[in-house]
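pasting the sequence and the predicted coordinates here, then a few questions.
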Amino acid sequence: MAGTIGRCCVFNTDEEANINQAVARIRLKERSDPTFLAKYLNSYWGQLGFLKQRHDVSQPNINLAELRQIPIILPLLQQQKNILETIAPMEREARFFDENAAKVRQAVADILPDELGITAATDDIRYFFRSGEEKQSIAFAVPASAVDDRLQYLFFHPRQRALADLQNRFSCTTLAKAVAVPIRRGEQPEYEDDGEIMVLKTVDLKNGFIASDHALRVGRDFFESKPQAHIQRGDVLLASTGYGSMGKVDIYESYEEAMCDGHISILRPIANYDPYFLAYYLRSYLGQLQIEKWFSGSSGQIEIQAGDIGRIILPTPDENGVPLTEQKRIAALITTRLEEARSLEAQAAQKWLEAHEIFEKMLFAS
């Protein structure tokens, strides 16, 4: 009912639970199937009802009186069940593809640490992305001689021992020495409706690809006045601000002229570093661990400064670290598995689309 409007699901467990003030509970009469109604409200036609009734002040919201005004198409109960039975096989296939894609992506997350011989922590709790899972106490121990920078619990979290393992196994350097130009952020754009130069924002980084189809644009004069914000093919882009978005990493693969806004840091690797290896490294446990280590801020207004990004350690690109040929081999392994995951996700999306289309077709035929 607030922020994210209109997402619906069925609570179908016996566990006791509460909802907060941003969620509305709908308890149905016997002539309505809960699964059917949830699918209807999630459909194009149901979402139109939310769109009509919602109002945006500070953040989108909709109240209970407005929810009651949303019209629904409600066939007879047996017709509802027939529709659900018809689309069930497609949804099972979609879930199968989704589950397998998730397994592949989990395997992808382990490739780089495994190839480097580093054991990642078994938990995936990230304390600057609060998830509600942070119920255990945080403890750390460090000798007084090591407290030379920040007295901050994440800075000395036991998981940081993986970085000591990395340094024991490889010759290491810092990210500041792995880039051809100093790490910098983009600039706050002055958008133009008919601008010819694309601007990438944090929302355009999907941590696996760049969604540039709907990117906003600026004029050439503004673009040429901000050379420090320019990006080129092979640049690694790091989302550097914002609760829930900081730490996303993608590679700019296009030859099109473009720039970044001020929430993205631009990393241009030197010739001895493969940009894909660098992106996968920063996206991996080892990279995210260090972004978690060096971020600053609180209350959701978090960021990682260019100088602290430059302090991230990684193996040197030589025989004592990870040579370029080995970087390319590891990157190719990860790329192949990511393509497999994307293929499975595309098949899942197609099956979900087929189920939605048949749902709506039968809805109007009932």
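That came in fine, so what should we check first?

span of stretch 23-43 from start to end?
End-to-end distance for stretch 23-43: 18 Å, by Cα to Cα, to the nearest Å.

return the distance of it from the chain's centre.
Stretch 23-43 sits 29 Å away from the centroid of its parent chain (Cα atoms, centre = their mean, to the nearest Å).

pull the residues that contact that stretch.
Applying Cβ atoms under 8 Å, 6 or more residues apart in numbering, the contact partners of stretch 23-43 are 1, 6-10, 12, 19, 46-47, 49-50, 64, 67, 70, 72-74, 76-77, 80-81, 83-84, 356, 359-360, 363. Using the backbone N, CA and C atoms, a C-beta is placed for each residue, glycine as well.

let's go with 7 Å and repeat that
Residues from elsewhere that reach stretch 23-43, judged by Cβ atoms under 7 Å, 6 or more residues apart in numbering: 1, 6, 8-10, 19, 46, 64, 67, 72-74, 77, 80-81, 83-84, 356, 359-360.

buried ones only from these, please, as a ChimeraX command.
Of the contacts of stretch 23-43, the buried ones go into a single ChimeraX selection, burial set by 16 or more other Cβ atoms under 10 Å:
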select :1,6,8,46,67,74,80,83,84,356,359,360
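
separation between M198 and E192?
Distance, M198 to E192, using Cβ to Cβ, to the nearest Å: 12 Å.

oh, that last question was meant for R169, not what I typed.
From R169 over to E192 (counting by Cβ to Cβ), the distance is 50 Å.

now swap in D318 and tell me
Counting by Cβ to Cβ, the gap from D318 to E192 is 46 Å.

flag the shaky bits of the stretch 101-250 of the chain, pLDDT-wise.
Scanning the stretch 101-250 of the chain for pLDDT under 70 picks out the ranges 121-157.

redo that, cut-off 50
Counting by pLDDT under 50, the stretch 101-250 of the chain has low-confidence residues at 127-130, 137-140.

just the pLDDT at H55, thanks.
Note on H55: pLDDT of 83.

number of residues surrounding it?
10 (other Cβ atoms under 10 Å).

quick check on it: phi, psi?
Main-chain dihedrals, H55, degrees, to the nearest 10: phi -140, psi 150.

ramachandran angles for I197?
phi -110, psi 130.

now it: how far from D98?
Look at I197 and D98: by Cβ to Cβ, they are 37 Å apart.

who has more neighbours, these two?
I197 (21 against 17).

hmm, V218 and that one touching each other?
Yes - using Cβ atoms under 7 Å, I197 is in contact with V218, at 5.2 Å.

shared neighbours of the two, anything?
Counting by Cβ under 7 Å, 6+ apart, no residue touches both I197 and V218.

just checking, Q59 touches M1?
No - checked against Cβ under 7 Å, the pair Q59 and M1 is beyond contact range at 10.8 Å.

which stretches of the protein form strands?
With DSSP state E, the ranges of strands along the chain come out as 55-57, 59-61, 172-174, 184-185, 197-200, 217-218, 230-231, 236-239, 249-251, 258-260, 264-267, 296-298, 301-303, 313-315.

show me what counts as buried in the second one.
For strand 59-61, a neighbour-count test (16+ other Cβ under 10 Å) marks P60 as buried.

now do the last one
Of all the residues in strand 313-315, those buried under the rule 16+ other Cβ under 10 Å are 313-315.

ok so, going back, overlap in contacts, M198 and E192.
Common neighbours of M198 and E192 (Cβ under 7 Å, 6+ apart) are R217.

which one of these two is surrounded by more residues?
More neighbours surround M198 than the other of M198 and E192, with 20 against 15 (other Cβ under 10 Å).

no further questions, thank you.
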